[in-house]
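J.: Structure, please.
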Amino acid sequence: MAEICTGAILAGGQSRRMGVPKEGVLLPDGRPMIEHVIASLAAVCERVVIAGEARGYRNDDLLRLPDLRPGLGPLAGIEAVLSSGLSDSYLIAACDQPFVTPELLLRLPDGGRAQPRCFRGEGGTGFHPFPCCFPASWLPQVREALDGDRLSMRELLGVNQPDWPPVTAEEADLLRSVNRPADLGAMGAQASCLQVLGANDHAH
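T.: Numbering: from 1, shown residues only. All right, here's what the predicted structure looks like:
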């Protein structure tokens, strides 16, 4: 397996809408949500790291990259990833995207381009900030945005760039986030999430 870039998972949020650390939420197959994302990234990257505190998940085999500015959202996680020096480019997903597939991830890297790449909807509609592919050379732009308290991925990147790969409605559904108890209930996962993570929170 050839390494196309380093895979990184953003897991530094407070999970306020979920009520428990969502990266450790158990899905119906018994695995924590973040492990679905790890598996997809590991299928296309030789190295996978976690950015952020990831309070609900522990795996000593994966490198942790602490946010340099905790509490400032996804851009802070991206800053930590891009400043790590691990790679020239990074394939970045969120910990609450358990449906993303290796096939989709493989469509983002594009020969060492100097610009980030995200998915867009067919016909140039819609904007999917994660997963995304970021070159390490974009660290100054990310830092400038954070310094100016401009925390929006939409503002940083713009939307619907013509060279971003389009996704169908069915593919876009695989990019959705699971970040509320209602999302889990639709998957039959809510009970196991709250029971197991409640125990894990006390353990940590």
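J.: Hmm, His36 is touching Leu27, no?
T.: Yes: assessed by Cβ atoms under 8 Å, His36 is found in contact with Leu27 at 6.8 Å. Quick note: C-beta positions are derived from backbone N, CA and C, even for glycine.
J.: intersection of neighbour lists for the two?
T.: Between them, His36 and Leu27 share these contacting residues under Cβ atoms under 8 Å, 6 or more residues apart in numbering: Pro98.
J.: Report all helices and strands that the longest strand anywhere in the chain contacts.
T.: Once the chain is assigned using DSSP state E, the strand that runs over the most residues is strand 127-135. Helices and strands touching strand 127-135, by 3 or more Cβ pairs under 8 Å, 6 or more residues apart in numbering; DSSP states H and E, are helix 74-82, strand 89-94, strand 117-121, helix 153-157.
J.: Identify each buried residue in whatever helix or strand comes next after that strand, please.
T.: Proceeding N to C from strand 127-135, the next assigned helix or strand is helix 139-147, under DSSP states H and E. The neighbour-count check on helix 139-147 (16 or more other Cβ atoms under 10 Å) flags 139, 142-143, 145-146 as buried.
J.: Check those residues against Leu10 and report the nearest one.
T.: Proximity of these to Leu10, judged by Cβ to Cβ, is greatest for Val142, which lies at 12.8 Å.
J.: Can you give me every residue that contacts that closest one?
T.: When the contact criterion is Cβ under 8 Å, 6+ apart, the partners of Val142 are 75, 78-79, 82, 156.
J.: Pull the contacting residues for the spatially closest residue to it that is not a sequence neighbour.
T.: For Val142, the nearest residue in space outside its immediate sequence neighbours is Glu79; the separation is 5.1 Å by Cβ to Cβ, 6 or more residues apart in numbering. Taking Cβ under 8 Å, 6+ apart as the contact definition, Glu79 lies against 67-69, 139, 142-143, 146.
J.: Leu68: how many residues sit nearby?
T.: Other residues lying near Leu68 total 13 when counted by other Cβ atoms under 10 Å.
J.: end-to-end on stretch 110-128?
T.: Using Cα to Cα, to the nearest Å, the end-to-end distance of stretch 110-128 comes to 17 Å.
J.: Contacts for it, please.
T.: So stretch 110-128 is in contact with 88-89, 104, 107-109, 129-135, 137-138, 154, 157, 159-169, 171-172, 175, going by Cβ under 8 Å, 6+ apart.
J.: at 6 Å what do you get?
T.: In this structure, residues lying in contact with stretch 110-128 by Cβ atoms under 6 Å, 6 or more residues apart in numbering are 108, 129, 132-135, 157, 159-160, 164-168, 175.
J.: Could you identify the buried members of those?
T.: Using 16+ other Cβ under 10 Å, the buried ones in the contacts of stretch 110-128 are 108, 129, 132-135, 157, 159, 164, 166-167, 175.
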